[in-house]
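Asks: need coordinates for the below:
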Amino acid sequence: FYYQANGGLDGSVAKAVGRLLFSGGSDSAALNEGFAVISSDMGHPSPTPLFGLDPQARLDYGYNAVADLTPMAKNIIE
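Replies: Below is the predicted model:
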């Protein structure tokens, strides 16, 4: 299981290919290695960083997105 970060402030769902560019891998390295990959907008739409004006969107970005999506993804994988 690979939770793909979108970089920056997110705000849109990037294609879930499992980018591992920081380690010298290809754009789809995680998929090529057999990982199930997810991506999210981290709980807010673009344009960023305007989501920061909304307290709930800040919580979703900072805490809730990964905590909520990880168990759901693992359940689907199982």
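Asks: before we move on, what's the pLDDT of the residue of the chain most remote from its centre?
Replies: Distance from the C-alpha centroid of the chain, by CA atoms, centre = their mean, peaks at Leu53 (21.0 Å). For Leu53, the pLDDT comes out at 89.
Asks: now do Met72
Replies: In this model, Met72 is scored at 94, pLDDT.
Asks: what is whichever helix or strand it is part of packed up against?
Replies: According to DSSP states H and E, Met72 maps onto helix 65-77. Under the contact definition 3 or more CB pairs under 8 Å, 6 or more residues apart in numbering; DSSP states H and E, helix 65-77 sits against strand 2-3. For every residue, glycine as well, the C-beta is placed using N, CA and C.
Asks: so which helix or strand of the chain has the lowest pLDDT on average?
Replies: The helix or strand of the chain with the lowest confidence, counting by mean pLDDT, DSSP states H and E, is helix 29-32 at a mean of 82.
Asks: which residues does Met77 contact?
Replies: Residue 77: Ile, not Met. By CB atoms under 8 Å, 6 or more residues apart in numbering, Ile77 lies in contact with 1, 36.
Asks: hang on, the earlier thing: the residue farthest from the centre of the chain and Gly62, how far apart?
Replies: The gap separating Leu53 from Gly62 is 14 Å, by CB to CB, to the nearest Å.
Asks: how about Ile77?
Replies: From Ile77 to Gly62 the distance is 25 Å (CB to CB).
Asks: before we move on, what about Ala5?
Replies: Distance from Ala5 to Gly62, counting by CB to CB: 13 Å.
Asks: same deal with Asn75?
Replies: Going from Asn75 to Gly62 by CB to CB gives 23 Å.
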